[in-house]
Each structure stands twice: as C-alpha cells, then as structure tokens.
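Colleague: Fold the following and give me the result.
(one chain, ligands or ions: 1)
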Amino acid sequence: MNASFLRRPQRSPGRGPFYTTIALALFVGGLAIVGASPQAPTPAPAPGVIALSVDAGKPGAKIDRQLFGQFAEHLGKGIYEGIWVGPGSPIPNTRGIRNDVVAALKALKVPNVRWPGGCFADEYHWRKGVGPAAARPVTLNPNWGGVTEPNTFGTHEFLDFVDQIGSAAYLSINVGSGTPQEAAEWLEYLTAPTTTTLGKERAANGHPEPYTIGYLGIGNESWDCGGNMSAEYYLSQLRVYSRFVRNFNQAQRGAGRMLKIAVGPGGGGPRDADWTDTIMKSWKGRQWSWDHMDGLSLHNYTVVRFPASYKSVGFGEKEYAEILQATLEMDGLIGKYGAIMDKYDPDKKVALVVDEWGSWYAQLPGTTPGFLAQQNSVRDAVIAALNINIFARHADRVRMANIAQMINVLQAMIFTDGPKMVLTPTYHVFKMYVPFQDATSVPVSFEAGRYTHGSITLPRVDAIAAKDASGTLWLALTNVDPTTPAEIATTLTGFTPKSATGETLTAPAVDSVNTFEAPNTVAPKPAVVKIDGTRLTMTLAPKSVTVVAIRP
Ligand code: AHR
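Modeller: A predicted model of the protein is given here:
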C-alpha cells in the first residue's frame, strides 16, 4: 500500500537540447508555457489552435494514487449525516454507515482518508469514541460551532468506513491537548496482538485482528489551532511522539509500514518558510530515529483572504477569475517549500503531503455557523483539475494530498440532506481522473494561451498526460476560459493511437451547480476526439475539464 509513497522517486529524464521533459509551468508576461515547445517536428497549428505535444516514450515520475486522498473531519455535517446515520436509521446503511455514500466513494478509488481532523484532532481523545455507543460520553466541538459531539462515530466506525470504501486510514493524533502516552496507547489499542490488555479490549469491541494504519499525522497546524507552537517546540514534540507512538501490527513490517507525517507549513508566510527549514534541517541532522518522518504536510486553501467571503454560488466572471488566480498559487508554494526541502533532502525521501487543499468560500446563508457548508460549482471542477495537475507536475516530491473535505464541508465530493445525496462537480473530476492513479507521467508541451478578465490574466489551457499499466495513454485538459472554446491539436510521439474516447465536464454558467432537485447540471458527457495518424483534434468547451483515453 505504501510502497510507492516510500519509493525513491524516479527522476524525470534530463533535459535534452530540444525538449523539456516534464511539464513545468512558467508564466511569462501573461503567456503560460507548460514545458518548452519542441523545435521539431510538430507541424504549425492553424491560427487559433493550441498545439500540444505528448511524448509517450519519455516516462517521468509516477503520479501516486495517494494524491487523490480525502479529508473527513468532525465538522458540520461531514461525519454525522454525511457518513454516519447510525444502525437504527431508515436511511439504508451498513453498521450505521450510509450505503449510498459508500457506493459513490468506492467509484473514486479513494486511496486514503484523513481523520478525525483538522483542528478537531488536537482536542480529540480516542477513549471517548470506543466501547458501547450508549456508554460513550457526549462532549463538545469547540472549533466548529461549539455543537455537541456524541462520539458515536469513533475509532471502530472510522476503520469500518475506510474498509467499506476500500481505502487506507490516515489518523491524525492529538499533539495539542493530548499526551504521548495517550497517542501511544491508541496505536497499541489499534495494532497490538490480543495477548495484551489493549489488544483484548479491541477484540472485545469487535475487532480481534490488529488494524492496518497506513498513515499517522503527528499533530495538525501546530502553529495555530493545534497548539500555537513555535517550530522549535513542535520539533521537540515531533521527536517524542514519533519515538513512542508505535505500530505493533507485524503484517505491516517493511514496505507497508505506517508512514509518519509531520506538521509543515500553511500558506506562504515567512513563519511557514522558517518552520519548514527548522523541521527539514533537523531531519537531515538525523538526531533521532531515521524514520520519524516520511512526509511533511502543506495546507493551502483556495481563498482570496480570510475570513472567506466569496460566494460559492451566485457569482460572476470577476469572482471566477479571482478564485482561479488564487488557486494557481499552489504551484508557487510547492516550488517554494520543495526548494527548502531540496536543501536538506535532495533525493526527495521526504514527501510533501498537501493534506488540506480546496476552495473555502463564505458559508451558505441559513446554515449553522462553523459548519463550513458551501456549494460546489463548475469553478470548483476547474479548481480540482488545476490542482491535481499541479500535484502531478511535482509528482517526484508531492506524493500525497487530501482534498478538504469529503462530504458536506468545504470543497466536498458529496452533499447529503436526510436520505438525499448529490454528487458535486468536484466528485466528477475525481472520478474522471481515476486512471491517473499510479500512472506514469509523460511530458506534454504546449503554449497555453491566455485568458484575461479585467486585470487578471491566466493560462487559458492546462494539460497533463500519463500512461497506465495497460499501456493506455491518458490526457487531461482544462479550458479555463469561461466563454471561448479552445481548439486543440495534439501530436503524439512514441505512441500510435488506435482509438480515443473521452469525457468532458462543463456547464452553462460559471456558477452552475448540482442540487438535489437538478443533480446533473454539471456532469460528464462523452467528448468528441478525432484521430488522424498520430494527431488528435478536439474542441474544449469553455470552463471545462476533459479526460481522454488514447489506446494503442
Ligand atoms: O478544514 C477545515 C480546517 O482548516 C481544519 O480543521 C484545519 O486544519 C484548517 O485550518
């Protein structure tokens, strides 16, 4: 499960005189160039046509499937109602977990789910969420609306959920208000054999076999809601927790071992650069056990400024352009923190784990304060595609990411309302991108053109390409321009296509959304792709995401 996360990353082949080998976003005077255009042999495209060049013979880094991870926090209706309805609910469920949501998530092949927070994690005490449900204490959720937390969805329920959707568990442990002993005992409870008292207790609670825990987050935003710590203070906590919080599951020895993720930067301020430097410098120093940290987290939301005030529906092109400009900052942040990591870890052994990303808008009117309920429009579909493309371009360093959040919160995959469920435009993009999970990047070069609105100019088109294990070549294309279609002519090198099929997602307006009443306003439809030898042509609709399968 974790072998690819751990692997020594494959390097992209070196730069030759004529080609840039792997997509690299440059933004020069308003003209975005992804990679460098080959000097030959691409024929000049007709005026107005965007020429893409895909070199299938030059494999790059693997696009780790863990980049498609999700985040599910005890926040608003993310867990209670979104996942958990309880075994007595009239909503069809399996052991309290709703069947409709499980079926929808299974189709996404979600590789890992981060839980229980977020800010919630640093106030979560696992003991309150195990044992007979009726005996569990009712606590508060001070971070998110101050509502009551029934603790009916706890450790076993979460692990049942990830099992039902076929995913891996990414636990975030309480460093802020917990103790190393509490966290160590949680892991012992989860993973020790039944010869121990904690293992016996787990068995008595219904799970004799040790659990498999894929990932362990040591704290969350420890510079803020996770304890307002300085980098130095957090570092000392990281050393202690990583030393004592052990996984005893013998079946996870070796390549499948539990990977530890340390708190890294959030956003792009000077504190964040210093924080990254402090942790990475210490990692290089090897002052304690070498395996204390396999990944360093980065949190970055698409927001123009906090408190989030942009509307998630009922906005115009101005807000569309401004939010897309904000989302593209992800690329610069990864570059910035990647460069600090490179100083201490040039072999890229430590992954940059973007375990909170996504759009953050004003809460929908009439919803409970602190529940972070927002709509999800075709703009969010474009945001999802642009960010996944950025991660894929940095696949040698970025080997895991978790969109915030899975259900009913922030940039969600799914909305629920009682027995009703609707899939968001972001869900559809994640589904369309499934073939990119664990596929191998191949270089794609093009001049993106520009989309201008007012003072904002953005690259008009974006693209990534990858080859899967069966030899199919996949091309993902985004047309950011909300009004003008983009004509694309793709030339393939090192690949002879026999057939090409695709799906495209677009919508009538920049703020088109899916609702319970009209669930398919933003849903994928077949794309028209024409093949002529090694040349593919297609038209990208305005504000669209398209994924094409090109079969040999
Ligand atoms: O995703 C919502 C919150 O955003 C998380 O709890 C926190 O880690 C971040 O600030």
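Colleague: Can you tell me, leaving aside adjacent residues, what's nearest to the residue in the chain that the ligand sits nearest to?
Modeller: When scored by CB to the nearest ligand atom, the chain has residue 118 as its residue closest to the ligand, at 2.7 Å. Heads up, the C-betas are built off the backbone N, CA and C, glycines and all. Using CB to CB, 6 or more residues apart in numbering and skipping the chain neighbours, the partner closest in space to residue 118 is residue 73 (3.8 Å).
Colleague: Is that neighbour located within a helix, as I assumed?
Modeller: No: counting by DSSP: H, G, I helix; E, B strand; the rest coil, residue 73 falls outside a helix, being coil.
Colleague: thinking again about what came up before, distance of the residue of the chain closest to the ligand relative to residue 184?
Modeller: For residue 118, the distance to residue 184 (CB to CB, to the nearest Å) stands at 22 Å.
Colleague: Would you mind telling me which of the two has more residues around it?
Modeller: Counted by other CB atoms under 10 Å, residue 118 and residue 184 do not tie: residue 118 has more neighbours, with 29 against 16.
Colleague: Make sure the more buried one is actually in contact with residue 172.
Modeller: Yes: assessed by CB atoms under 8 Å, residue 118 is found in contact with residue 172 at 7.2 Å.
Colleague: Now for those two: what residues contact both?
Modeller: Listed contacts common to residue 118 and residue 172 are residue 220; contacts here mean CB atoms under 8 Å, 6 or more residues apart in numbering.
Colleague: Look up how far residue 58 lies from residue 441.
Modeller: 9 Å.
Colleague: Kindly report the same for residue 365.
Modeller: Distance, residue 365 to residue 58, using CB to CB: 51 Å.
Colleague: So for the two, which residue has more residues nearby?
Modeller: The neighbour comparison of residue 365 against residue 58 (other CB under 10 Å) goes to residue 58, with 17 against 8.
Colleague: Please verify my assumption that the more buried one contacts residue 442.
Modeller: Yes: Residue 58 lies in contact with residue 442 (CB under 8 Å); the separation is 6.3 Å.
Colleague: in the chain, what spans have low per-residue confidence?
Modeller: Scanning the chain for pLDDT under 70 picks out the ranges 1-47, 286-291.
Colleague: quick one, phi psi at the residue lying farthest from the centre of it?
Modeller: Relative to the centre of the chain, and counting by CA atoms, centre = their mean, the farthest-placed residue is residue 195 at 37.9 Å. With angles defined as degrees, to the nearest 10, residue 195 sits at phi -80, psi -10.
Colleague: same thing with the one 4 residues further on?
Modeller: The phi and psi torsions at residue 199 (degrees, to the nearest 10) take the values phi -60, psi -40.
Colleague: That one: neighbour count?
Modeller: By other CB under 10 Å, the residues close to residue 199 number 21.
Colleague: so what's it closest to, chain neighbours aside?
Modeller: Closest residue in space to residue 199, ignoring its immediate chain neighbours: residue 192 at 4.1 Å, by CB to CB, 6+ apart.
Colleague: list the contacts for the one you found?
Modeller: Residues near residue 192 by CB under 8 Å, 6+ apart: 198-199, 202, 210, 248.
Colleague: Take those residues and keep only those in helices.
Modeller: Counting by DSSP state H, the part of these found in helices is 198-199, 202.
Colleague: picking up where we left off before, isn't the residue nearest to residue 118 right up against residue 123?
Modeller: No: Residue 73 sits out of contact with residue 123 when judged by CB under 8 Å, with a separation of 11.6 Å.
Colleague: Neighbour count for the two, which is higher?
Modeller: residue 73 (28 against 21).
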